[in-house]
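Enquirer: quick one, fold the following:
(chains A, B, C and D, ligands or ions: 12)
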Amino acid sequence: MAKHETPLLSQLETGPWPSFVSDIKREAESRAKNEKGIDYQIPVDACEDLLGVLELSYKHGRTHWKHGGIVGVFGYGGGVIGRYCDQPEQFPGVAHFHTMRVSQPAGKFYTTEYLKGLCDLWEFRGSGITNMHGSTGDIIFIGTTTPQLEEVFYELTHTFNQDLGGSGSNLRTPSDCVGQARCEFACYDTQAICHELTNYYQDELHRPAFPYKFKFKFDGCPNCCVASIARSDLSFIGTWRDEIRIDAEAVKAYVGGELKPNGGAHAGRDWGAFDIQKEVVDLCPTKCMRYADGKLEINNKECTRCMHCINVMPRALRIGNDRGVTILAGAKAPILDGAQMGTLIVPFMKAEAPYDDIKEKVIEPIWDWWMEEGKNRERLGELMKRQGLQRMIEVLGVDPDPRMVQEPRSNPYIFWKEDEVEGGWKRDINEFRKYHKR
Amino acid sequence: MAKHETPLLSQLETGPWPSFVSDIKREAESRAKNEKGIDYQIPVDACEDLLGVLELSYKHGRTHWKHGGIVGVFGYGGGVIGRYCDQPEQFPGVAHFHTMRVSQPAGKFYTTEYLKGLCDLWEFRGSGITNMHGSTGDIIFIGTTTPQLEEVFYELTHTFNQDLGGSGSNLRTPSDCVGQARCEFACYDTQAICHELTNYYQDELHRPAFPYKFKFKFDGCPNCCVASIARSDLSFIGTWRDEIRIDAEAVKAYVGGELKPNGGAHAGRDWGAFDIQKEVVDLCPTKCMRYADGKLEINNKECTRCMHCINVMPRALRIGNDRGVTILAGAKAPILDGAQMGTLIVPFMKAEAPYDDIKEKVIEPIWDWWMEEGKNRERLGELMKRQGLQRMIEVLGVDPDPRMVQEPRSNPYIFWKEDEVEGGWKRDINEFRKYHKR
Amino acid sequence: MAFVSSGYNPEKPMENRITDIGPRHFEEFYPPAVKANKGKWLYHEILEPGVLVHVSETGDELYTVRTGGCRLMSVSHIREICEIADKHCGGYVRFTTRNNIEFMVDSKDKVKPLVDDLMSRKQDGGCYKFPVGGTGAGITNIIHTQGWIHCHTPATDASGPVKATMDVLFDDFRDMRLPAHLRVSLACCLNMCGAVHCSDIAILGYHRKPPMLDHEYLDKMCEIPLAIAACPTAAIKPSKIKLDNGTEVKSVAVNEERCMFCGNCYTMCPSMPLADDVGDGIVIMAGGKVSNRITAPKFSKVVVAFIPNEPPRWPKVTDTIKQIVEAYAKGANKYERLGEWAERIGWERFFEACELDFTHHLIDDFRDPAYYTWRQTSNFKF
Amino acid sequence: MAFVSSGYNPEKPMENRITDIGPRHFEEFYPPAVKANKGKWLYHEILEPGVLVHVSETGDELYTVRTGGCRLMSVSHIREICEIADKHCGGYVRFTTRNNIEFMVDSKDKVKPLVDDLMSRKQDGGCYKFPVGGTGAGITNIIHTQGWIHCHTPATDASGPVKATMDVLFDDFRDMRLPAHLRVSLACCLNMCGAVHCSDIAILGYHRKPPMLDHEYLDKMCEIPLAIAACPTAAIKPSKIKLDNGTEVKSVAVNEERCMFCGNCYTMCPSMPLADDVGDGIVIMAGGKVSNRITAPKFSKVVVAFIPNEPPRWPKVTDTIKQIVEAYAKGANKYERLGEWAERIGWERFFEACELDFTHHLIDDFRDPAYYTWRQTSNFKF
Ligand code: SRM
Ligand code: SRM
Ligand code: SRM
Ligand code: SRM
Ligand code: SF4
Ligand code: SF4
Ligand code: SF4
Ligand code: SF4
Ligand code: SF4
Ligand code: SF4
Ligand code: SF4
Ligand code: SF4
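Expert: Ligands and ions are numbered 1, 2, ... in the order given. Okay, here's the model as predicted:
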């Protein structure tokens, strides 16, 4: 028997999509039964009460969680989000209900052995409820009490060789797309750099010294499967500088219908026979392709590497060989001044271990600047807006490049600096008045 | 013999383009000679001194004109721009050198009789130098003295049945494209409305009651030959609601090469044979055209009346029959906050004399609002930016229309008003705290 | 329950302390076929919805079966995932960037048994546990946030509306009939942890009442200057308030006309709650994308200003989304993302095609850039 | 010279006063062929550069010969225009919106004599008085402003640079070899009376030194609050100044780092002049348009941040413009305006094609909207 009636939530137990309600109920039951005789370290009825308080929110149309306060593990400034229920008497099982962010492995591959270990730990010391994964990428353990935080951390580090992820005003857990591990489009090893930078910057990740949060994300190519360009202060997007490799035979096979366009992604509808002219050449945004006499040509100099043609004909077209990353800065959600997309700051850089250029010429100068001049709760993108892209260029010590802008300014309100103007700014009004009477 | 040496200016007397230097010199000479024995009312050597002071500017790289102060004709707040030379001793002929703005006739057609009359007047009472025409559209008389202002005005009104134009914080002289007078694309009579509104709003034109300047311009069609969309607080652009009229025979003639595309506008280069598919159908921004089996079809519902196809084949395609204007508001030059293009506020309105709807439903409500709430030196466009397009919609009393925006907002920062929200905003924190403990 | 120590000694927190070790190394977790072929993949193909094959230049093949992940999952559920992975996949499994679960096998004959197994597992109420799908030109999992299950600032729930929406969109999770990818995301408040600002369709929790002021406690619980600084519209001012009992306390005043309900003040100050049963609800946004394919990434646009919260199934929200999806399916060209479609036909047509009302709320009026969203051309469609 | 009264009596200004009569009625000025065919025109054709024919549904034809207008013109020049119009055109003439002069005749045989007459007239130095051209896909007259001939705020001259530029572009005034119209405009200061903000190529006078402060006179000659309010960047503050003679006066102080040299303060206050021989010069902008043809109107973009004033012929300015025109002529598609071309190939290519340097000045840093001009995609050309 359920501890709380959940008539509203129960309506979410039908329909085809997996029901989180059924799943929490399952966990609640499992805890109630406790077949394995576990000595639960937080209330057995945590899941019951979680359902109870959620049902109450469904009734009231409002959340019943309160601000967290500062809870965490010793010496770390992040990794735990404190949370308390605002109806603790009614739902004692979730009165204290903090989440822990566990740094996910790059690429999010797992062995079951490892996962099962985490399950045992979290069943024992937490609610048994998780997010696989949080929006930033972490494994999220949802709901435990303050005394368990250090215990979980101790077991994570000692038993699982596993650290917490980020929260607060620090580097957040970096994340990446599957990349070279399973994708033919990947222009660099997203997992390798993601792991390296996560580990290299552990101090920045755990001990807040920043004005606000900071995120890295790594996309292997401009398809952006980890959405770095929209939600990371530094977005790394794979690209190449040379030519798209063309397999002329495979082109023929697409045209002939032997190969399915776009890897079969449109198989759910009859779109008619594949038309390379209409579907590839005409849609190329730079119109740098030509298909004539059964031959496809690309004027690579004009290609912007948008991926469209490669996506449509992955067996015929392949990314170039001279690969690296394009780096964009400043993406973020709308708080405070509106959302920002990443702005291109480095058109191309090689992305090879140990990534010295990326660390020393990009990340660290930017952090120094932001830590020096960023205001409290000012994201990098906001600092860029406030001080201008020019300032970023100075910080990076690179030459201004038209690739950094979509278009030049349309207002001529140029802030010339005194040393750029012949003769400087000091002038004598009386000298001027000799030639120009009042 | 010229009064002043002008070695720099004289270098502008070669080359093919008409030389303003040669022309001013001609006038200077004519005044010096005074073959007609005119009793010049301002210094005879005005043109000499104009060249002299200009030469000085060419030497100094700076202007030698000073602020105007308030000069004008009795009862008018505009029409004259005061101007004084900052080297009056050296150039007494232009020590006082005000311009007068003469309201040009709509369409800028003239009889020579009228023009010659103006020439006589301005030779006699001014420098004999003009701008045909000023950027707003006026005939500009460049350079006279304060005492001559009333005299010129008197003669203009009494002899030439002609008024001054605008300057200062008032309605500026409206202007228009040649329109139906000589253009097959004109969707309404630009001259008729330009003249009517200029005369109907004479008070607003002459007696400043506005926060700043205000401009009307009338373009007969979206080609915008008077650039209204870029430089008038209210821009009227001709358009139609029904169908582009197609002459199938003429289409054939274009395709066959008998007719030259775009009225022969590209004749200076061999662009190859006309290709209706590439040059018209493919360039149509809405892709609403189809050419097949020698037949051109337009899906008029999807046409945005951009004029391209009509421009290319004026003999085959003609504007629709149900005509009127699209009205845009707020265009202006960059001072203070950056330039603005006109923003669409009325997708369609009939433009037929006496233009009551345009006067009463558009112009006057907007002026009332602007005069009420506009700050000193705040153009309509700036007021719109400050108070939002919503406010303009309220002022016009129309329904919000997606045609007024290029895209909906991407930030969700909606300023809901209290009366739009169920239950209003007043709430009792203690009531809330019953359900949500601190 | 008795406290069981992990070994951690609260008296000596630094004893044996291990820190700064980061995540586990990814290579430990690669399935053998991935390890062997990393960086060598030649191409891929979607064999059926939810089933991908990647072919390596070594000739190796890797079959991936993607299943819907309800990312809020219990350890029991994870253990079941592990059980399946042990049975079919040699003990390896992966999660996608959109919280789906990927089971990988190294030969084609292992695919069908795996798919059958996955599709056969159901929850008590009949929901699939592991529906196969989410690939290609269809709808995949909804990226979402915490909502009423854990967060303190939401204006709506997350998991509930997501479940309701995925139920409605389920056929498109299992099929690939759309012109292109269609990504749905949800964020339960304006902080937009779900990064809904660039989704084809975004479900966004939004408050519509200015914060209540718990004057008696405000100065005790909050740093007033931080609360003031938090407001993007400068609507908050310091203020002295006389309580009913006559004492004067330091607090704040909110200029309610200038509030746009972002909740940023509440993030800084628990004595300024916004939540309200009828004030809160959902904004629908549309037309965003993040890929650079053909066109640059785009922000989503607000297309429905407000839909009330209707737990447990938010029918008006799901109906609206369905409407948009169907109009898109009908109107867009092959390869064309929702936002690209809207821009091609013009937003005036988008509202018509989706049968949505255009209200004044949808017109940008936030700061200077608002102007750039207005129409500055005479080109439009009647 | 003796004062000759018009009849105006300064003692009684209202006596016989005529006001508010507006301009002359346009119909008085229509040539007969216009009056007869107004609203009935069927089509037009450009017979040769500068010569248009419009054909009416009545069968009437109207031939227009367009000639370059140096809009700064003397009454002697206007009388010569009238003489020509009397001789060939029945006493009618028209001016275009770009200050060209249009002579109209009603039959084809009158065209050649007219053109020959126009082209035969030259000024003393050899310049054409009435060069025929300015139609179709070429370059027409430059819209411009007063400059050093009359205005108090210019950072460059108007008529001089225009003459120099039109000399260089003259072949394109007389020809129609370009992909589309190419409009050049000039404004001698940021007030942009020439509306250069939407021109294919714009020549803009620009100051680069903050205002000098004539403290001794400032408070006497200016309304200090208006000067302060005039500044878009809030760089001006009130200030008390001790003059050399020891008296303290009210004046202003300028935060020079925040000044972007707009001259708006000087417009309000003559005691704040900016003009400087080496500080002032020219900004080149490109890519604007106003027609709605195919694409919406566009603002011009700053492509060269500064070129010093080099009177009398501004060679660096004219060279730069020529470079842009030639690159455009070579690169653009038929019907493609300069800005459309730049957007199609990408601005990175525009700078390459025109052999212009890209400097930090060209990156927008003015207020919030600056952000929208930065590149928010990984799509670019190497
Ligand atoms: C757990 C998570 C949502 C989820 O359900 O997955 C989350 C949860 C919270 N986010 Fe977030 N954010 C989460 C990913 C994001 C993302 C997405 C991303 O990282 O890719 C964003 C948008 C990208 C960005 O960083 O801009 C995001 C933008 C925010 C913001 C707005 C920041 C801004 O600059 O606009 C806030 C507000 C704040 O920082 O005060 C915020 C604040 C919060 C807080 C801490 C609320 C608060 O003010 O205290 C939430 C705690 C909820 C809870 O009770 O657990 N969260 N947050 C995500 C982290 C899980 C993880 O570590 O994997
Ligand atoms: C004469 C003329 C330039 C010309 O050579 O043709 C002109 C001349 C002046 N303009 Fe202008 N403007 C002239 C058309 C324009 C235009 C074009 C138009 O009307 O189509 C514009 C841009 C459109 C617009 O209105 O935004 C224009 C935008 C300005 C501005 C900036 C206004 C703004 O809101 O951004 C100013 C500055 C001001 O008002 O203080 C200005 C100010 C001036 C002043 C009055 C300078 C001043 O601050 O005192 C100039 C007097 C010059 C003189 O000595 O004669 N003038 N001015 C044009 C009027 C002639 C006529 O009546 O036909
Ligand atoms: C597994 C995953 C990466 C990961 O590290 O987990 C992934 C994997 C693939 N993506 Fe992706 N994408 C994944 C998230 C994304 C995202 C991120 C997101 O949605 O949050 C995007 C950006 C979406 C956007 O623009 O809003 C994304 C945009 C693409 C695109 C560009 C699609 C477009 O039309 O704009 C491609 C190319 C294509 O599909 O042809 C692509 C192509 C692919 C390919 C074909 C790459 C390959 O050769 O293996 C993979 C299979 C595609 C499929 O499912 O049809 N992937 N892909 C992610 C699966 C998410 C899921 O569970 O459904
Ligand atoms: C005479 C004039 C109107 C007037 O009231 O004075 C005029 C007359 C014509 N224009 Fe114009 N336009 C005139 C200024 C303009 C302007 C305004 C400007 O440049 O300041 C524009 C906007 C330019 C811009 O977008 O920046 C303008 C944009 C057009 C267009 C669109 C061109 C485009 O490709 O975007 C057309 C259509 C065409 O040429 O095919 C057009 C077409 C025409 C036609 C063909 C209309 C017709 O059927 O008679 C006329 C002859 C064109 C020619 O010269 O090749 N007219 N035309 C103006 C002549 C100015 C001059 O002396 O050179
Ligand atoms: S971003 Fe590119 S490399 Fe990474 S998974 Fe997606 S398609 Fe592959
Ligand atoms: S990657 Fe994009 S830009 Fe390059 S050739 Fe292919 S479709 Fe064209
Ligand atoms: S704006 Fe249109 S109607 Fe007016 S002259 Fe130009 S083309 Fe003709
Ligand atoms: S006017 Fe423009 S949009 Fe309409 S059919 Fe012609 S080219 Fe297409
Ligand atoms: S979107 Fe808002 S309510 Fe939802 S988890 Fe993030 S901070 Fe909390
Ligand atoms: S909700 Fe946002 S806008 Fe309203 S007062 Fe709070 S911080 Fe300011
Ligand atoms: S642009 Fe500036 S300097 Fe030139 S006329 Fe206009 S106000 Fe005077
Ligand atoms: S020139 Fe412009 S920016 Fe500089 S002080 Fe004057 S008004 Fe301000």
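Enquirer: what comes into contact with stretch C:19-30?
Expert: A:75-76, A:103-107, A:109-111, A:114, A:157, A:160-163, A:165, A:173, A:181, A:191, A:195, A:198-199, A:202-203, A:205-206, C:35, C:38, C:92 (Cβ atoms under 8 Å, 6 or more residues apart in numbering or on different chains). C-betas here are computed from N, CA, C, even on glycine.
Enquirer: what do you get for stretch C:312-332?
Expert: The contact list for stretch C:312-332, computed with Cβ under 8 Å, 6+ apart, reads A:8-9, A:11-12, A:58, C:139, C:156, C:160-161, C:164-165, C:167-169, C:172, C:177-180, C:182, C:184, C:201, C:203, C:282, C:284, C:286, C:303-304, C:307-308, C:310, C:338, C:340-341, C:345, C:350, C:353-356.
Enquirer: please spell out which residues along it are buried.
Expert: Neighbour-count burial for stretch C:312-332 flags C:312-314, C:316-318, C:320-321, C:323-325, C:327-329, C:331-332 (criterion: 16 or more other Cβ atoms under 10 Å in any protein chain shown).
Enquirer: does stretch C:234-254 reach ligand 10?
Expert: Yes. On the criterion Cβ under 6 Å from any ligand atom, stretch C:234-254 is in touch with ligand 10 at C:235, C:236, C:254.
Enquirer: return the member of these nearest to ligand 12.
Expert: Of all the residues of stretch C:234-254 next to ligand 10, ligand 12 sits closest to residue C:235, with 29.0 Å by Cβ to the nearest ligand atom.
Enquirer: looking at that closest one now. What's its pLDDT?
Expert: At residue C:235, the predicted lDDT confidence score is 97.
Enquirer: for it, grab the count of nearby residues.
Expert: Residues lying near residue C:235 (other Cβ atoms under 10 Å in any protein chain shown) number 20.
Enquirer: quick one: contacts for it?
Expert: C:210, C:254, C:255, C:256, C:258, C:259.
Enquirer: who's in contact with the residue nearest to it when sequence neighbours are not counted?
Expert: Among residues not flanking residue C:235 along the chain, residue C:258 sits closest, at 3.9 Å (Cβ to Cβ, 6 or more residues apart in numbering or on different chains). When contacts are counted by Cβ under 8 Å, 6+ apart, residue C:258 touches B:415, C:233, C:234, C:235.
Enquirer: tell me, how many neighbours does residue C:79 end up with?
Expert: Look at residue C:79: counted by other Cβ under 10 Å, it has 17 neighbours.
Enquirer: hang on, it in a helix?
Expert: Yes. Counting by DSSP: H, G, I helix; E, B strand; the rest coil, residue C:79 is part of a helix.
Enquirer: pretty sure it is touching residue A:118, no?
Expert: No. Using Cβ atoms under 8 Å, residue C:79 is not in contact with residue A:118, being 10.3 Å away.
Enquirer: so stretch A:19-33, near chain C or not?
Expert: Yes. Stretch A:19-33 lies within reach of chain C by Cβ under 8 Å from any Cβ of the partner chain, at A:19, A:20, A:21, A:22, A:23, A:24, A:25, A:26, A:27, A:30.
Enquirer: so which of the residues you listed would count as near chain D as well?
Expert: Okay, of those, nothing touches chain D (Cβ under 8 Å from any Cβ).
Enquirer: neighbour count and secondary structure for these - can I get that in a markdown table?
Expert: A markdown table is the format used below for those (neighbours: other Cβ atoms under 10 Å in any protein chain shown; DSSP: H, G, I helix; E, B strand; the rest coil):
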| residue | neighbour count | secondary structure |
| --- | --- | --- |
| A:19 | 28 | coil |
| A:20 | 27 | helix |
| A:21 | 27 | helix |
| A:22 | 25 | helix |
| A:23 | 24 | helix |
| A:24 | 28 | helix |
| A:25 | 23 | helix |
| A:26 | 19 | helix |
| A:27 | 24 | helix |
| A:30 | 19 | helix |
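Enquirer: and which of the residues you listed is nearest residue D:148?
Expert: Taking Cβ to Cβ as the measure, residue D:148 lies nearest residue A:20 of the residues of stretch A:19-33 next to chain C, at 75.2 Å.
Enquirer: for that closest one, what are its contacts?
Expert: For residue A:20, the contact set (Cβ under 8 Å, 6+ apart) comprises A:12, C:70, C:72, C:73, C:159, C:163.
Enquirer: for the fifth one, what are its contacts?
Expert: I take that to be residue C:159. Residue C:159 neighbours (Cβ under 8 Å, 6+ apart): A:20, C:70, C:72, C:144, C:147, C:149.
Enquirer: the fourth one too?
Expert: Under the criterion of Cβ under 8 Å, 6+ apart, the contact list for residue C:73 reads A:20, A:23, A:129, A:130, A:131, A:132.
Enquirer: what about the stretch 151-300 of chain C, any weak spots by pLDDT?
Expert: Filtered on pLDDT under 70, the stretch 151-300 of chain C yields no residues whatsoever.
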